[in-house]
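Visitor: coords below, sequence missing:
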């Protein structure tokens, strides 16, 4: 099931393009058959034109049903299955050896002075963003926590004119967010759904909760930082 959903989601635009191209072909056949049917003077000609008209109309209806099924699977079915939304992960070179650069000279520290190191920003230092207590927030997992396997995402999605919510995942610094799961019921410090992190490589990720009102307006998302640490299989 996950493999099929992943296929339909990955090639969504190509599927729509192919369906549109085939629809144009059968639309042309429908128009030609309709013209022949109106201009047919004999019964045999009318019967032949009617047959081609029915065939073209049937194919157009079938193509519309396929397009509708594709839309439903990608928009409503795929978000329920986390396995259909894998994140591409870089390949780890197990043969690579880490190298350490040694300082060429020691630094003299005067008595009473302390050495201060410039703290460089790391993914662990990034705090939650856009979270509003009592309205849009993620309470589990905690910001900066380490997770693995199948977890339950908890939080609050309770805004005025509430429509629905989704929670999504992305790598730090990336703008491509993949939907994990969605819901159309308000939540107050409750279970938003589950997240199977076993399909991800151990790394830092951003988890965000997005609430959309009943007018289709997306509110400011609540974003937290987590680290997936799955056991390495030999």
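Guide: Here it is on my side, so go on. Everything numeric in this text was worked out from a predicted model, so none of it was measured.

Visitor: could you measure from the most centrally placed residue in the chain over to residue 73?
Guide: For the chain, the residue sitting closest to the mean C-alpha position, by Cα atoms, centre = their mean, is residue 178 at 2.3 Å. Going from residue 178 to residue 73 by Cβ to Cβ, to the nearest Å gives 16 Å. Where you see a C-beta, it was placed from the backbone N, CA and C, and this is true even at glycine.

Visitor: tell me the domain ranges of this protein?
Guide: What automatic domain parsing lists as the domains of the chain is 2-81, 126-228.

Visitor: what mean pLDDT does the last one have?
Guide: This predicted structure assigns domain 126-228 an average pLDDT of 89.

Visitor: could you pull out the helices for the chain?
Guide: 2-10, 12-39, 43-72 (DSSP state H).

Visitor: can you tell which of these is closest to residue 229?
Guide: Checking these against residue 229 by Cβ to Cβ gives helix 2-10 as the closest, at 22.8 Å.

Visitor: now the closest one against helix 12-39, angle please.
Guide: Interaxial angle of helix 2-10 relative to helix 12-39 (axes from the mean of the first three to the mean of the last three Cα atoms, to 10 degrees): 70 degrees.

Visitor: how far off helix 43-72 does helix 2-10 point, in degrees?
Guide: 100 degrees.

Visitor: how much space separates residue 71 from residue 12?
Guide: Taking Cβ to Cβ, one finds residue 71 at 9 Å from residue 12.

Visitor: the more surrounded of the two?
Guide: residue 12 (16 against 13; other Cβ atoms under 10 Å).

Visitor: for residue 201, see how far away the more buried one is.
Guide: 25 Å.

Visitor: for residue 160, which non-adjacent residue is closest in space?
Guide: residue 213 (7.3 Å; Cβ to Cβ, 6 or more residues apart in numbering).

Visitor: thought residue 219 was touching that neighbour, still the case?
Guide: Yes - look at residue 213 against residue 219 with Cβ atoms under 8 Å: they come within range, at 6.9 Å.

Visitor: between those two, which one's more packed in?
Guide: residue 219 (21 against 14).

Visitor: give me the phi and psi for that one.
Guide: Backbone torsions of residue 219, given as degrees, to the nearest 10, read phi -90, psi 170.

Visitor: list the contacts of it.
Guide: Residue 219 is in contact with 136, 159, 210-213, counting by Cβ atoms under 8 Å, 6 or more residues apart in numbering.

Visitor: picking up where we left off before, ok, the residue nearest to residue 160 - contacts?
Guide: 159-163, 219.

Visitor: please redo it, this time with the cut-off set to 10 Å
Guide: 159-164, 219 (Cβ atoms under 10 Å, 6 or more residues apart in numbering).

Visitor: and residue 134, how far from residue 22?
Guide: Counting by Cβ to Cβ - residue 134 and residue 22 are separated by 51 Å.

Visitor: more crowded one of those two?
Guide: Counted by other Cβ under 10 Å, residue 134 and residue 22 do not tie: residue 22 has more neighbours, with 15 against 10.

Visitor: residue 64 is in contact with that one, correct?
Guide: No - in this structure, residue 22 is not within contact of residue 64 by Cβ atoms under 10 Å, at 11.2 Å.

Visitor: so which residues of the chain form strands?
Guide: 136-140, 146-147, 150-157, 162-170, 178-183, 187-196, 203-213, 222-228 (DSSP state E).
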